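> What follows is a protein structure lacking sequence information:
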């Protein structure tokens with residue numbers, strides 16, 4: 001049974017990933033946790049994909065999870081791609097749902113407004129305010145061009161990747177998913193009717209079907225390669 005690590009979106013928590021797993025139903029062994037700074041996890045000194053990836057991989061090591069599949073929703077999909085780029089030996093394959101890669105001015109401004117600490121009520125919990133400051137600072141760095149996942153990085157991802165997205169998604173438009181797909185050397189793109197944002201509008205059963213088929217196909221790759229090599233010899 002394959003291990004499937006469920007990575008939630010930015011500002012969400014493990015409960016969101018658990019809802020995905022419960023809706024998708026039995027199949028893989030689901031592994032779910034809060035990203036650093038989310039849920040009950042402590043806030044990092046600085047926010048970056050490098051920091052979150054390092055923490056996530058350490059937690060996988062603690063639970064002796066080796067070469068799992070990663071399923072990342074929205075920002076979680078971007079983080080999964082980052083891990084595939086920088087730690088390819090740690091994953092067997094990547095599934096993303098509504099992954100945000102292309103950063104248009106409109107999308108970035110919308111994200112910055114959502115996490116602008118100045119927009120918070122003065123009575124908001126201190127931790128909530130600090131989290132918004134961390135994310136807002138990270139978003140500013142992305143706007144300034146200090147991206148942690150460039151087009152060159154995506155082209156260098158050699159593990160199998162399944163991209164899932166909604167044709168009518170306004171947060172991660174279908175054309176953005178298509179651009180990401182064209183950059184990947186070993187990618188598969190599935191666009192479904194509807195949207196990937198918000199999560200409650202996702203056709204989760206269709207998503208599960210594609211994810212499970214992807215996992216099955218990737219797990220059969222070593223056997224197929226071995227068979228081809230045997231026939232060649």
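Nice, I can see it. If you're wondering where the values come from, they're calculated on a predicted model, not measured in any experiment.

> Check the secondary structure at residue 95 for me.
strand (DSSP: H, G, I helix; E, B strand; the rest coil).

> Share the number of residues neighbouring residue 173, please.
18 (other CB atoms under 10 Å). Using the backbone N, CA and C atoms, a C-beta is placed for each residue, glycine as well.

> Distance check, the residue most central in space within the chain against residue 46.
Centroid-nearest residue in the chain, with CA atoms, centre = their mean: residue 77, separated by 1.5 Å. According to CB to CB, to the nearest Å, residue 77 and residue 46 sit 22 Å apart.

> List the buried residues for stretch 155-170?
Residues of stretch 155-170 classed as buried: 157, 159, 160, 161, 162, 163, 164, 165, 166, 169 (neighbour count, 16 or more other CB atoms under 10 Å).

> Which strands and helices lie in contact with the longest helix seen in the chain?
Counting residues, the longest helix found in the chain (DSSP state H) is helix 126-143. Secondary-structure packing of helix 126-143 (3 or more CB pairs under 8 Å, 6 or more residues apart in numbering; DSSP states H and E): helix 105-115.

> And for the helix it packs on, what's in contact with it?
For helix 105-115, the surrounding residues in contact (CB atoms under 8 Å, 6 or more residues apart in numbering) are 11, 100, 119, 132, 135, 136, 139, 140, 142, 143, 171.

> Redo these as CSV? Include neighbour count.
Supplementary listing: the contacts of helix 105-115 in CSV, determined by neighbours: other CB atoms under 10 Å:
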residue, neighbour count
11, 18
100, 23
119, 12
132, 19
135, 21
136, 19
139, 20
140, 12
142, 15
143, 14
171, 17
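
> which of these sit farthest apart?
The most widely separated members of those, counting by CB to CB, are 100 and 119 (20.5 Å).

> Stretch 185-195 spans what distance, first to last residue?
25 Å (CA to CA, to the nearest Å).

> The residue nearest to residue 86 when sequence neighbours are not counted: what secondary structure?
Excluding the flanking residues, the one nearest residue 86 by CB to CB, 6 or more residues apart in numbering is residue 53, at 7.0 Å. Of the three states, residue 53 takes helix according to three-state DSSP.

> quick one: residue 53 and residue 82 touch, right?
Yes: shown here, residue 53 and residue 82 form a contact pair, counting by CB atoms under 8 Å, at 5.7 Å.

> What segments of this structure are strands?
Taking DSSP state E, the strands of the chain run over residues 3-7, 29-32, 69-73, 93-97, 161-166, 187-192.

> For the shortest one, what does the pLDDT average out to?
Along strand 29-32, the predicted confidence averages to a pLDDT of 98.

> and that strand, what other elements does it pack with?
strand 3-7, helix 14-24.

> how far out from the middle of the chain is the last one?
For helix 14-24, the distance between its averaged C-alpha position and the chain's averaged C-alpha position is 14 Å (CA atoms, centre = their mean, to the nearest Å).

> I'd like the distance between residue 177 and residue 196.
Counting by CB to CB, the gap from residue 177 to residue 196 is 9 Å.

> try residue 108
Residue 108 sits 18 Å away from residue 196, going by CB to CB.

> Neighbour count: the two, which is higher?
Between residue 108 and residue 196, counted using other CB under 10 Å, residue 196 has the larger neighbour count: 29 against 15.
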